[in-house]
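[1] no FASTA, just this:
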């Protein structure tokens, strides 16, 4: 009567459509939750990797201490070697200077006796008496 069969068919079609849309909504919600979870895990992994990268860039105190201890030991050894070389070269330079002084006659007693001759000069100017 008055198209009840058509109305019932329409209700059945609309009910099926609603069920399909509800299923699609549930699937979309599940997919969105999965994508959100994956995005959160990816963000956490990125944070973890950036922290590891910063830690790798920042030297560790123990590693630095060992590195610096080794460097200090090597530098101390180099300084000791250089001090010994300096002392050797200073002795050598002093010996060469003494030989030069002997060769030029500077070490003779007469030179030592006349060391103050400038102070006893009679023709010396007053301004030279500083």
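    Noted; the coordinates are in hand. Since we're looking at a predicted model, the values are computed, not measured. Residues are numbered from 1 along each chain as shown.

[2] helices of this protein, start to end?
    Ranges of helices within the chain are 4-57, 61-104, 109-113, based on DSSP state H.

[3] in TSV, list those along with mean neighbour count and mean pLDDT.
    In this view, the C-beta of every residue, glycine as well, is placed from N, C-alpha and C. As requested, these are exported to TSV (neighbours: other Cβ atoms under 10 Å; pLDDT from 0 to 100):
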stretch	mean neighbour count	mean pLDDT
helix 4-57	10	92
helix 61-104	10	90
helix 109-113	9	73
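
[4] so residue 73 versus residue 86, what's the distance?
    20 Å (Cβ to Cβ, to the nearest Å).

[5] tell me the contacts of residue 111?
    Applying Cβ atoms under 8 Å, 6 or more residues apart in numbering to residue 111 gives the contacts residue 105.

[6] going forward, the N-terminal residue is numbered 486.
    From this message on, residue numbering opens at 486, which makes the last subject residue 596.

[7] thanks a lot, see you next time.
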